[in-house]
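**Q** Dropping the sequence and predicted coords here.
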Amino acid sequence: MASAAERDAVLARLSTRLNLPEFGPWQVELEWEDPGNRLRERRKSQVDAVATGPCATILFECKFGEIDGGACSRTIPRQVGAQAGVRQCNGNYEMQTNPVNEEKARCALTGKGIRYWELIPGVFQLDSTADYIPCPFDGPSYQWMRNLVLAEEIRRSEARQTSFVIVYADHPNLPFPNKLVSPEWAEFIHALRTDTVQLHTISYQELLRIAVDAVGGSNTKWRDLEKWVLDKINRIGSTPKR
């Protein structure tokens, strides 16, 4: 386990990479959910880790073999019950009535009081009063939107600088690096505003280099961790797909 000094050194170095204040001490919490539920979600968004310093917050989502983020379930027909086969959203961001609860809104989640579209214009170059066909988040970008609006609400409500970081395994045979050079990802990045919360993608390899440099190259524990992670990436990336 890393010491407090090592943790602060690594996060200070990472903060510099993210253009955030590096001042510590830093606290890290895994599998974090917002205790205040600022987004008013029925099922709160969870991030893999959060690092909190006196002046900054970093939210982390980690991907290894996954292809992309998770999609919105409201466009998927219900599987069981009296409303089996019913979709709560038609896949467009336009005024519609949710057949499950009869709430009328452009987004079925807005109709349930969830604040995504209240905050989306603060992160994306999108207008919550306009129609979008299809919905910009009818797909894997839904997860990234949820993470970003949560980071933005932390930035706004706590008056602190905040970044959202996707950490991924960089290997030519793993899917996520290919996602980052796709036209869909470029379109998603282009839609982001540049004056609010920042989105960063960092490979495990780069993050480990930052960590090893921060604690000193002679630190055997961090060198061993780096080797273990790199070996795992190469092993999984080189395994033939069936």
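**A** On my side now, so go ahead.
**Q** Could you point out which residue ranges in the protein have low pLDDT?
**A** By pLDDT under 70, the weakly predicted segments of the chain are 1, 240-242.
**Q** From the centre of it, point out the most distant residue.
**A** In the chain, counting by C-alpha atoms, centre = their mean, Ala82 sits farthest out from the average C-alpha position, at 34.2 Å.
**Q** Where does that one fall, secondary structure wise?
**A** Ala82 belongs to no helix or strand when elements are defined using DSSP states H and E.
**Q** Roughly how far does it sit from Val100?
**A** 10 Å (C-beta to C-beta, to the nearest Å). From N, CA and C alone the C-beta is placed, and that goes for glycine too.
**Q** One more: Leu126?
**A** Leu126 is 25 Å from Val100, where distance means C-beta to C-beta.
**Q** what's the burial count for the residue nearest to Glu152 when sequence neighbours are not counted?
**A** Spatially, and ignoring its direct neighbours in sequence, Glu152 is nearest to Val197 (4.5 Å; C-beta to C-beta, 6 or more residues apart in numbering). The local packing count at Val197 equals 24, with neighbours defined by other C-beta atoms under 10 Å.
**Q** next one: Val123
**A** The number of residues packed near Val123 is 24, by other C-beta under 10 Å.
**Q** Settle this for me: it is touching Val197, isn't it.
**A** Yes. Taking contact to mean C-beta atoms under 8 Å, the distance of 6.2 Å between Val123 and Val197 places them in contact.
**Q** Identify the contacts common to those two.
**A** 148, 152 (C-beta atoms under 8 Å, 6 or more residues apart in numbering).
**Q** Mind listing what's buried along stretch 17-28?
**A** Residues of stretch 17-28 classed as buried: 18, 20, 22, 24, 26 (neighbour count, 16 or more other C-beta atoms under 10 Å).
**Q** Return the closest of the residues you listed with respect to Cys135.
**A** Taking C-beta to C-beta as the measure, Leu18 is the one of these closest to Cys135, at 29.4 Å.
**Q** tell me the SS of the nearest residue to the closest one once chain neighbours are set aside?
**A** Residue nearest to Leu18 in three dimensions, not counting chain neighbours: Ser163, with 4.8 Å by C-beta to C-beta, 6+ apart. Using DSSP: H, G, I helix; E, B strand; the rest coil, the structure places Ser163 in strand.
**Q** residues in contact with stretch 46-54?
**A** With contacts defined as C-beta under 8 Å, 6+ apart, stretch 46-54 is touched by 11, 15, 21-33, 57-62, 147, 150.
**Q** Just these: which are in strands?
**A** If you go by DSSP state E, these have 27-33, 57-62 in strands.
**Q** Would you mind checking those for buried ones?
**A** Neighbour-count burial (16+ other C-beta under 10 Å) applied to the ones in strands among the contacts of stretch 46-54 gives 32, 57-61.
**Q** ok, which pair from the residues you listed is furthest apart?
**A** For these, the farthest-apart pair by C-beta to C-beta is Thr57 and Glu61; their separation is 13.9 Å.
**Q** Tell me where the chain has helices.
**A** Shown for the chain, the helices assigned by DSSP state H span residues 4-17, 116-119, 141-158, 175-179, 183-190, 204-215, 220-238.
**Q** and of these, who's closest to Gln96?
**A** When the helices of the chain are compared by C-beta to C-beta, helix 116-119 sits nearest Gln96, at 13.5 Å.
**Q** Return the set of buried residues in the closest one.
**A** Residues of helix 116-119 classed as buried by neighbour count (16+ other C-beta under 10 Å): 116-117, 119.
**Q** what's the offset of stretch 117-136 from the middle of its chain?
**A** Taking C-alpha atoms, centre = their mean, to the nearest Å, one finds the center of stretch 117-136 at 18 Å from the center of the full chain.
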